[in-house]
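Peer 1: Can you look at this prediction? I've put the sequence above it.
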Amino acid sequence: MLRAINNYWILLPGNVKGALFMLLATFFGSIMSALIKHVGQRIPVFEILFIRQICVLLIISPIIVQTLDTVFKTTAFRLHLMRSFFAAIAMATGFTALVHLPLAEVTAIGFARTLFTTLLAILFLRETVGMRRWSVTIIGFIGVLIIIRPSPNNLNEYAFLALLSSLFVASIVIVLRRLSQIEPAPTIMVYQSLFVTLVMAGPAFYFWINPTWPELVLIMLIGTLMSAMQWLTIQALKFAEAVAVAPIDYFRLLFATALGMLFFSETPTVWTIIGSSVIIASTLYTIRRNAHLKRQNDAA
C-alpha cells in the first residue's frame, strides 16, 4: 500500500506536488488562526506568542545544536534585529485582530500583504512599476477599504490592526530579500526565534494568566502548526514554481470561513465577500505580472 502511494507520488508533476503541500499549509494556517481566536478569549495575546515562541525554539533546537559553530555568526545583525522587530509587531497585531474579528475578515485583510510588498519594493528597493501595476495595487487597497468601511461612525481599531499586521508582514518580506542573499537560512530562523521570544517575554509576564492544561496544549499546538506550515510552504516552493502555488493560498479564506461558521457562529458579510474578491483579483494579477517580468529578465 505504502509502496503504491510512493510510486504514485513520484509520478505526479512538480506543480501538483507543490500545490498539495501549499494546500496543506493553508489548512494548517487556518486551524492555527482558529486556535488563536479560541485560546485568546481568555489568555493574553503576548502570553500566547511567548509560549508559542518557546515551542518554536524547542522545535528548531536540533538545528542550533548541529550548526552551533556557525549559526550565530552574522554580518547583518541590524537586519536580523529589524526583521525580528517587524515579526513581533506583525504577530502581536495579527493575533489581536484574530481574537476580536471574524476569521474570514482577518484572513481577507491579510491578503493585502502582497499589495504592501509592491509599495515597499518601490520605496526601498527602487523597483520600477508600470501604470498597470500601480492601478491594480490601488484597486486592491480599495478592496481593503470595502472590507474595513472606515467612517467617523464606523472606526474598527481591530480591522486596522489586521491591516497593520499585513504591512509588517510585507516589511519582513522586503528585509528577507536582502537577508536571504547574505545569510544562511538557519541563521535567519534562529535569530528571529530568539529575538521575538525576548521581545514577548516582558509583556507576556506582565499580563500573565495561568493557562489551564488544555489551554497550554492548544498553545503548544499553535507553535507546532506554525513550524509545520513553514516547512510545508518550503516544500511547496521546492517542487513547484511560486506563481503556480501562490493562488492556492487563497483557499485559506475558504477554510477560515468554514471554521468561523462551524466553531464561532460567524457569517461573512457582503462587504467582506466583495472586498475579498477585489483583493484576490488584484493580488493574483500582481503575482502573475511579477512572474512574467522575472521570466523576461531571465531571458534577457
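Peer 2: Everything's here; your move.

Peer 1: Pull the distance from the helix or strand harbouring residue 142 to the chain's centre.
Peer 2: Per DSSP states H and E: residue 142 is located in helix 131-148. Relative to its parent chain, helix 131-148 has a centroid offset of 20 Å by C-alpha atoms, centre = their mean, to the nearest Å.

Peer 1: Pull out the C-alpha coordinates of that helix and format them as PDB.
Peer 2: Taking C-alpha atoms only, helix 131-148 is exported to PDB below (Å, rounded to 0.1, in the frame of the first residue of the first chain):
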ATOM      1  CA  MET A 131       0.900  52.100 -14.700                       C
ATOM      2  CA  ARG A 132      -0.900  48.700 -14.800                       C
ATOM      3  CA  ARG A 133       0.700  47.500 -11.500                       C
ATOM      4  CA  TRP A 134       0.100  50.900  -9.900                       C
ATOM      5  CA  SER A 135      -3.600  50.700 -11.000                       C
ATOM      6  CA  VAL A 136      -4.000  47.100  -9.700                       C
ATOM      7  CA  THR A 137      -2.400  48.000  -6.400                       C
ATOM      8  CA  ILE A 138      -4.700  50.900  -5.900                       C
ATOM      9  CA  ILE A 139      -7.700  48.700  -6.800                       C
ATOM     10  CA  GLY A 140      -6.500  46.100  -4.200                       C
ATOM     11  CA  PHE A 141      -6.400  48.700  -1.500                       C
ATOM     12  CA  ILE A 142      -9.900  49.800  -2.500                       C
ATOM     13  CA  GLY A 143     -10.900  46.200  -1.700                       C
ATOM     14  CA  VAL A 144      -9.400  46.600   1.700                       C
ATOM     15  CA  LEU A 145     -11.400  49.700   2.300                       C
ATOM     16  CA  ILE A 146     -14.600  47.900   1.200                       C
ATOM     17  CA  ILE A 147     -14.000  45.400   4.000                       C
ATOM     18  CA  ILE A 148     -13.000  47.900   6.700                       C
END
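
Peer 1: which residues sit against that helix?
Peer 2: If you take C-beta atoms under 8 Å, 6 or more residues apart in numbering as the criterion, helix 131-148 is touched by 105, 108-109, 112, 114-115, 118-119, 129, 156, 159-160, 163, 271-272, 274-279, 281-283, 285-286, 289. No exception for glycine: its C-beta is placed from N, CA and C like everyone else's.

Peer 1: Cool, thanks, signing off.
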